[in-house]
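J.: With the input below, show me the fold.
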Amino acid sequence: MKNQILNKYLDIPFIFGGAALSGESGGYGFGKLEQKESQEILEFAFEHNLRAFDTAPIYGFGESEKRLGVFIKDKRDDCFLISKGGVTWHNSKRVNMTNEPKILEQMIHDSLKRLNSDYIDLYMVHWPDEKVDIRKSIEVLAKAKEKGKIKHIGLCNTNLDEIKKANEIEKIEFIQSELNYFNLEPYNRLIEYIQNEDVVFMSWGTLDKGILTKRAHKLRKYDPCDARSWAPWWKKMDKDSKYERVEELEIKLQEYGMSLLEFALHFNLSFEYLDYVLCGPKKVSQLKEIIMAIKKDIPKEVIEQIYEL
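T.: Numbers count the residues shown, from 1 in each chain. You can find the predicted model right below:
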C-alpha cells in the first residue's frame with residue numbers, strides 16, 4: 001500500500017536529491033552548478049521516469065526550489081515534489097533552526113512561490129526542535145493539507161517520541177533519515193516503528209557526501225559555495241578513518257566485480273524497510289551511473305557477505 005503513492009513517478013527506488021541544485025547560492029549545497037546544467041539534469045531524470053524531487057529552502061537559500069520551479073512549470077502534475085520546513089535563515093544568512101508554527105506557515109507559503117506551484121506533494125519537518133512541541137508544528141501542516149497546499153506529511157531526522165506525538169495530530173506517512181555504510185543508527189533507532197506501520201522510509205546521505213564513491217577525498221579542494229568547505233559538521237567529521245575504510249572496501253569489492261557506487265546504493269536497498277534512496281547528482285553522467293548501478297542485479301546475500309567480511 002505505502003509504495004503505491006510514488007510508484008507512478010519512479011521506475012527505480014531513487015529520489016532526486018535537490019541540494020546539488022543549489023549551485024553557487026550557498027547554504028546547504030555542493031558547489032557550482034549553472035542554471036542551464038541544472039535544467040539539463042532535471043530533464044534527463046524526467047525523461048527516464050525519475051520524477052520525484054526532494055528539496056528544502058536551505059538548499060541554496062531558496063535556489064534549489066527556484067530551479068525546480070522553473071523546470072516543473074509545464075509538467076507539475078507529472079512530478080512529485082518534496083520540500084521541508086524548520087530550517088530558515090536571517091538576513092545575514094545565518095542559519096536559524098526552529099519549528100515555530102508561524103515560521104512554518106510562512107515557509108510553506110514561500111516554498112510554494114519559489115516552486116511555482118499551488119501545492120507540495122510531501123512536506124516534511126526538517127529537524128526536531130526541542131523548544132517546540134511537534135504537535136504545534138504538525139497542526140500547521142494539517143491545516144495546510146486541509147487547504148490543499150500540501151498532500152502528505154512527513155518527518156526528517158526524527159525519533160520515536162516525536163513520531164508518536166505527531167501522529168496525535170495527523171498521520172505521518174513518510175520518514176526520511178540518514179542511512180549509509182558508515183551510519184546505521186538512525187535506521188536502527190526507527191526500525192521498531194517503520195516495520196509495523198504503513199510508512200515510507202527514505203534515506204539521505206546515501207553516499208555520505210561523496211566519501212563512499214571517493215569523489216570526496218583527502219586532497220580535494222572545495223568551492224567556497226560548497227558546504228564541505230566551511231560547514232562545522234564536515235570539519236568535525238572523522239573523515240580520515242572513513243577514507244581508509246573506503247580504500248579497504250574498494251579492494252574487497254574488486255573480488256566481486258562491484259563498484260563503490262553499486263555497493264553503497266545496494267547496501268541501503270538491502271535493508272528490508274528502506275523504500276527509496278536519495279542522491280544528488282550534479283551531472284547527467286553521474287545520474288546515468290546511479291541508474292545503471294541501481295538496475296544492476298546484486299543479490300542481498302552478496303551485500304551482506306561483503307559487509308560481514
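
J.: give the contact list for residue 138.
T.: Residue 138 makes contact with 125, 153, 166, 169-170, according to C-beta atoms under 8 Å, 6 or more residues apart in numbering. (Each C-beta comes from the backbone N, C-alpha and C, glycine too.)

J.: which residues does the residue sitting furthest away from the middle of the chain contact?
T.: Distance from the C-alpha centroid of the chain, by C-alpha atoms, centre = their mean, peaks at residue 255 (31.0 Å). By C-beta under 8 Å, 6+ apart, the contact list for residue 255 is empty.

J.: do the same with residue 137
T.: Contacts for residue 137 (C-beta under 8 Å, 6+ apart) come out as 86, 99-101, 104, 125, 129, 166.

J.: now residue 40
T.: Residue 40 sits next to residue 284 when contact means C-beta under 8 Å, 6+ apart.

J.: what does residue 60 give?
T.: Per C-beta under 8 Å, 6+ apart, neighbours of residue 60: 19, 21-23, 25-29.

J.: Same check on residue 269?
T.: 13, 277, 294.

J.: Tell me how far the residue nearest to the first one when sequence neighbours are not counted lies from residue 82.
T.: Take residue 13 and drop its neighbours on the chain: the residue closest to it by C-beta to C-beta, 6 or more residues apart in numbering is residue 276, 4.8 Å away. Applying C-beta to C-beta, to the nearest Å, one obtains 10 Å for the distance of residue 276 from residue 82.

J.: Residues that sit against both of these two, list them.
T.: Contacts common to residue 276 and residue 82, judged by C-beta under 8 Å, 6+ apart, are 15, 52.

J.: More neighbours: which of these two?
T.: residue 82 (26 against 22; other C-beta atoms under 10 Å).

J.: which residues does that one form a beta bridge with?
T.: Going by DSSP bridges, residue 82 is paired in beta bridges with residue 54, residue 122.

J.: Check it and give its pLDDT.
T.: On pLDDT, residue 82 comes in at 98.

J.: Equivalent analysis for residue 309, please.
T.: 64.

J.: and what of residue 22?
T.: Predicted confidence (pLDDT) at residue 22: the value is 92.

J.: For it, which three-state class applies?
T.: Of the three states, residue 22 takes helix under DSSP: H, G, I helix; E, B strand; the rest coil.

J.: Tell me the spatial nearest neighbour of residue 234, not counting adjacent residues.
T.: If the residues on either side of it in the chain are set aside, residue 234 comes closest to residue 228, at 4.8 Å by C-beta to C-beta, 6+ apart.

J.: from what I can see the one you found touches residue 28, true?
T.: No. Residue 228 lies out of contact with residue 28 (C-beta atoms under 8 Å); the separation is 10.4 Å.

J.: Based on its surroundings, how many neighbours for residue 159?
T.: By the measure other C-beta under 10 Å, the count of residues near residue 159 is 15.

J.: about what we covered before: distance check, the residue nearest to residue 13 against residue 142.
T.: 24 Å.

J.: what's the neighbour count on residue 178?
T.: 18.

J.: average pLDDT across stretch 149-164?
T.: Mean per-residue pLDDT for stretch 149-164: 97.

J.: And it, what's buried?
T.: 149-158, 162-163 (16 or more other C-beta atoms under 10 Å).

J.: In contact with residue 288, which residues are there?
T.: With C-beta under 8 Å, 6+ apart, residue 288 has these contacts: residue 44.

J.: now residue 87
T.: 56-58, 95-97, 126-127.

J.: buried subset of the contacts of residue 269?
T.: With burial judged by 16+ other C-beta under 10 Å, the buried subset of these is 13, 277, 294.

J.: Make a markdown table from the residues you listed and add distance to residue 63, secondary structure and pLDDT to it.
T.: Formatted as a markdown table, those follow (distance: C-beta to C-beta, whole Å; DSSP: H, G, I helix; E, B strand; the rest coil; pLDDT from 0 to 100):
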| residue | distance to residue 63 | secondary structure | pLDDT |
| --- | --- | --- | --- |
| 13 | 27 | coil | 96 |
| 277 | 24 | strand | 98 |
| 294 | 27 | helix | 98 |
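
J.: any chance of the residues you listed in TSV, with distance to residue 74 too?
T.: Shown next, in TSV, are the buried ones among the contacts of residue 269 (distance: C-beta to C-beta, whole Å):
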residue	distance to residue 74
13	27
277	28
294	28
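
J.: how about the strands in the stretch 151-300 of the chain?
T.: 174-178, 200-204, 276-279 (DSSP state E, counting those that start in this stretch).

J.: Among those, which comes closest to residue 222?
T.: strand 276-279 (18.3 Å; C-beta to C-beta).

J.: what distance separates the closest one from the centre of its chain?
T.: Distance, stretch centre to chain centre, for strand 276-279: 6 Å (C-alpha atoms, centre = their mean, to the nearest Å).

J.: Appreciated, that's everything.
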